[in-house]
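Only the shape, not the letters, is given here:
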């Protein structure tokens with residue numbers, strides 16, 4: 001019992017230091033000085049200071065657009081409203097991609113991280129996801145410091161009450177994008193000769209949908225007065241604030257979220273919702289929840305399972321990774337431990353017994369439409385009645401606080417019921433709740449009303465990003481923010497230049513990044529529930545790894561004005577060159593298979609099978625050996641270095657001059673440095689799989705017209721690789737073709753390919769039976 005245990009003396013060293021107070025004082029003064037008091041015209045205005053807004057405003061600013069970030073409370077910029085963590089499976093890929101494009105989230109997460117782990121480390125590189133536990137105060141402090149000093153960016157404190165618009169059916173856009181891509185899926189299926197015509201047709205169709213053009217924003221100042229601020233483009237990133245309603249038990253009250261460390265509520269955004277409604281945007285209601293915050297001094301940590309941080313850690317920042325630097329708290333060893341507890345049958349009984357005390361929502365006939373993959377404890381127990389327990393990770397919220405976040409335990413019961421539920425869990429028998437958990441229900445816009453630039457089809461110059469588009473999670477919001485901000489900035493800059501000039505849209509394809517998968521899923525399929533990213537959603541996931549995000553995207557970011565930092569560009573180019581050199585070295589090095597087996601010792605490089613008669617003279621390269629199952633780069637390089645050292649010693653004995661001996665010493669390969677290790681290993685390991693992946697996807701594209709039998713039964717016993725969500729949606733929608741099935745939100749490419757094989761095999765079986773019957777009759 002007592003203070004949250006932190007290894008390495010971190011608690012005492014942090015509490016004695018006034019470093020944070022100095023940082024906070026400094027950055028708040030900078031925030032105040034960066035508030036616009038006079039300028040009333042901007043290229044881009046971003047509404048909302050959350051994760052989508054932070055990336056949108058900085059991306060727009062990097063394109064050269066004069067940008068303003070409008071938020072109702074400057075002190076909450078960069079707030080981690082729910083879970084104090086960044087990254088994870090799929091999500092960590094997004095953070096690395098945002099960083100590769102010059103975004104701010106990755107670097108801030110490194111600065112604020114106090115616990116790091118690489119999830120799925122035992123699995124292949126494609127599905128490994130970096131995750132960091134944040135110190136809430138440090139994250140907010142560093143994000144605010146970054147935004148307050150950002151070139152081309154001003155911060156405005158105030159509330160966006162409404163949009164300034166020029167209205168008219170079919171109104172012309174202020175600036176058009178070259179090759180409009182709202183039909184990106186269609187365009188990708190056409191050959192080059194047809195793409196331009198399809199693009200132009202798409203552009204004309206989109207213009208006919210336009211009803212207005214952005215002119216600016218109506219702002220309510222902190223003193224209650226209002227003013228108009230003009231802009232060429234506006235990005236809305238209102239998160240859970242769009243007609244938000246907070247709920248605990250049967251209590252309902254308007255708000256976007258509770259202020260941290262306060263009973264106060266941040267007011268919802270109602271005027272914007274009414275404007276979107278007036279222009280017939282397809283609005284729906286979603287909900288999310290945040291669990292209670294627990295007093296760490298009342299937890300018996302000895303009864304919980306410890307989850308220590310990795311040290312050294314894998315940073316989110318590509319620059320930091322290339323330079324071999326550790327995140328600051330890792331370098332100082334000011335890290336915390338996380339812990340795991342677990343629910344029990346007693347927990348589940350209370351969860352169900354008190355279900356009648358839960359809120360009644362607007363969505364789904366009072367049940368609420370919450371995240372499928374981050375459900376409340378009630379939804380978990382209801383959905384999996386046979387489970388005797390669910391894990392809950394106890395995550396300290398910072399170095400200077402006793403607050404603990406119980407991951408996986410959201411449930412907006414009355415406070416006394418929440419306490420009863422927690423006290424049935426190991427280590428929490430005497431726990432005290434500092435702040436009870438609550439839910440928030442809010443409006444979202446069907447993302448099918450957007451193009452792939454995240455511009456709305458109805459209002460020209462209006463972009464949306466984040467939870468307003470139906471997603472859940474900080475990382476998904478940041479990924480949308482960087483795309484919306486980049487395109488708003490590029491459009492505004494083009495409009496400012498020579499008349500008639502169009503802007504090239506910044507769009508990532510599904511084969512380029514998880515950001516491309518995310519946005520394509522949203523704008524082509526839409527979503528009926530909060531969307532979160534998983535690696536399974538990407539058909540090209542073998543190529544789209546967290547370790548190679550900079551190699552995939554930094555060059556494109558530079559081309560589109562998002563990356564101008566010479567250090568970032570140089571590190572990406574140097575890393576690419578180092579990887580190519582190392583792969584070439586491994587391709588050139590050859591050894592008899594019998595020698596590989598003899599030097600290995602583990603049996604993974606062939607073992608006794610390499611000693612079979614007739615194989616004595618057969619050689620394999622280091623690349624070929626690394627491509628074998630379970631063989632690691634460490635093991636291969638160890639053999640290579642060992643052989644090269646032996647050859648060097650033999651050559652040294654024959655050398656006649658000192659110069660010759662020095663030259664020989666330089667011919668020995670060194671171990672791959674950490675900055676390229678994972679990428680070199682994955683590049684070689686996945687070489688054959690990437691080729692097969694591309695062939696599979698090509699076959700799938702050609703097969704989308706194949707019909708699905710109307711009597712198809714969607715059950716786990718027949719389709720064991722499909723998730724419960726996919727089986728449920730297929731049973732409900734019953735698509736008639738694979739093209740229709742591919743448009744169902746939540747259907748992964750791998751599941752569609754598997755279903756295709758099942759259906760085609762079934763058709764072949766029927767044809768064979770029919771042929772056999774015909775033969776018998778004849």
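That came in fine, so what should we check first? All figures in this text were calculated on a predicted structure; none of them were measured in a lab. Residues are numbered from 1 along each chain as shown.

what sits against residue 508?
Each residue near residue 508 by Cβ atoms under 8 Å, 6 or more residues apart in numbering is listed here: 483, 515-516, 519, 553, 556. C-beta here means a position set from N, CA and C on the backbone, and glycine is covered the same way.

Is it correct that residue 117 falls within a strand?
Yes - judged by DSSP: H, G, I helix; E, B strand; the rest coil, residue 117 forms part of a strand.

Next one: residue 239 from residue 136, what distance?
Counting by Cβ to Cβ, to the nearest Å, the gap from residue 239 to residue 136 is 17 Å.

So which of those two has more stuff around it?
residue 239 (25 against 20; other Cβ atoms under 10 Å).

Quick check: chain neighbours aside, which residue is closest to residue 221?
Residue nearest to residue 221 in three dimensions, not counting chain neighbours: residue 158, with 5.0 Å by Cβ to Cβ, 6 or more residues apart in numbering.

List phi and psi for that neighbour.
phi 170, psi 170 (degrees, to the nearest 10).

same question, the one 3 residues further on
Note on residue 161: its backbone torsions stand at phi -90, psi -30 [degrees, to the nearest 10].

residues in contact with it?
Residue 161 neighbours (Cβ under 8 Å, 6+ apart): 218-220, 226, 271-272.

are any of those buried, and which?
Of the members of the contacts of residue 161, the ones counted as buried by neighbours, 16 or more other Cβ atoms under 10 Å, are 218-220, 271-272.

Now residue 646: which helix or strand?
Following DSSP states H and E, one finds residue 646 within helix 633-654.

neighbouring contacts of that helix?
586, 589, 591, 595-596, 599-600, 602, 604-605, 622, 625-626, 661, 664-665, 667-672, 677, 680-681, 684.

Of the residues you listed, which belong to helices?
586, 595-596, 599-600, 622, 625-626, 661, 664-665, 677, 680-681, 684 (DSSP state H).

picking up where we left off before, which member of the contacts of residue 161 is positioned nearest residue 125?
Among these, residue 272 lies closest to residue 125 (Cβ to Cβ), at 42.2 Å.

Which per-residue confidence value corresponds to that closest one?
pLDDT, the model's per-residue confidence, is 95 for residue 272.

That one is in what secondary structure piece?
Following DSSP H and E, one finds residue 272 within helix 271-278.

same for that helix, what does it pack against?
Judged by 3 or more Cβ pairs under 8 Å, 6 or more residues apart in numbering; DSSP states H and E, helix 271-278 is in contact with strand 159-167, strand 283-290, strand 438-445.

Taking helix 271-278 as reference, get the angle to the longest one.
Interaxial angle, strand 159-167 versus helix 271-278 (axes from the mean of the first three to the mean of the last three Cα atoms, to 10 degrees): 30 degrees.

buried ones in strand 159-167?
159-165.

strands paired with it, and their directions?
Note on strand 159-167: by DSSP bridges, its sheet partners are strand 212-220 (antiparallel).

contacting residues around the partner strand?
So strand 212-220 is in contact with 45, 47, 70, 156, 158-168, 171-174, 226-234, 271, 279, 458-462, going by Cβ under 8 Å, 6+ apart.

Paired strands for the helix or strand just after it, with orientation please.
Counting by DSSP H and E, the next helix or strand C-terminal to strand 212-220 is strand 226-236. Strand pairing for strand 226-236, determined by DSSP bridges: strand 41-47 (parallel), strand 212-220 (antiparallel), strand 462-464 (parallel).

buried stuff in stretch 232-252?
Per 16+ other Cβ under 10 Å, stretch 232-252 contains these buried residues: 232-249, 252.

my bad, should have said stretch 61-70
For stretch 61-70, by 16+ other Cβ under 10 Å, it's 61-70.

ends of it, how far apart?
14 Å (Cα to Cα, to the nearest Å).

Same question for stretch 144-160.
20 Å.

do the same with stretch 679-693
OK, stretch 679-693 end separation, Cα to Cα: 18 Å.

picking that back up, please list the residues outside the helix holding residue 272 that contact it.
Under Cβ under 8 Å, 6+ apart, the answer for helix 271-278 is 47, 160-163, 165, 218, 236, 238, 242-243, 283, 443, 445.

same thing but 7 Å
160-163, 236, 238, 242-243, 283, 443, 445 (Cβ atoms under 7 Å, 6 or more residues apart in numbering).

What of stretch 563-575?
62, 101-102, 318-319, 322, 550-551, 554, 557-558, 675-676.

what's the answer for stretch 46-58, then?
Contacts for stretch 46-58 (Cβ under 7 Å, 6+ apart): 60, 67, 69-71, 76-78, 98, 103-105, 143, 147, 150, 153, 160, 217, 234-239, 465-466, 474, 477-478, 480-482, 484-485.

Which of the residues you listed are buried, as a ChimeraX select command?
Those of these that count as buried under 16+ other Cβ under 10 Å are selected in ChimeraX with:
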select :60,67,69,70,71,76,77,78,98,103,104,105,143,147,150,153,160,217,234,235,236,237,238,239,465,466,474,477,478,480,481,482,484,485
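
looking at the protein, which helix or strand does the model trust least?
Lowest by mean pLDDT, DSSP states H and E among the helices and strands of the chain is helix 10-15, with a mean of 36.

what separates the spatially closest residue to residue 415 that is not a sequence neighbour from residue 136, distance-wise?
Nearest residue to residue 415 in three dimensions, chain neighbours excluded: residue 436, at 4.2 Å (Cβ to Cβ, 6+ apart). Here the criterion is Cβ to Cβ. By it, residue 436 lies 18 Å from residue 136.

just residue 101 next, same as before
25 Å.

repeat for residue 304
Relative to residue 136, and taking Cβ to Cβ, residue 304 is found at 21 Å.

quick one on the thing from earlier: list buried residues within the ones in helices among the contacts of helix 633-654.
586, 595-596, 600, 622, 625-626, 664, 677, 680-681, 684.

Need those residues in JSON lines (columns: distance to residue 731).
What follows is those, written out as JSON lines (distance: Cβ to Cβ, whole Å):
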{"residue": "586", "distance to residue 731": "49"}
{"residue": "595", "distance to residue 731": "57"}
{"residue": "596", "distance to residue 731": "51"}
{"residue": "600", "distance to residue 731": "50"}
{"residue": "622", "distance to residue 731": "50"}
{"residue": "625", "distance to residue 731": "47"}
{"residue": "626", "distance to residue 731": "44"}
{"residue": "664", "distance to residue 731": "69"}
{"residue": "677", "distance to residue 731": "45"}
{"residue": "680", "distance to residue 731": "45"}
{"residue": "681", "distance to residue 731": "41"}
{"residue": "684", "distance to residue 731": "42"}
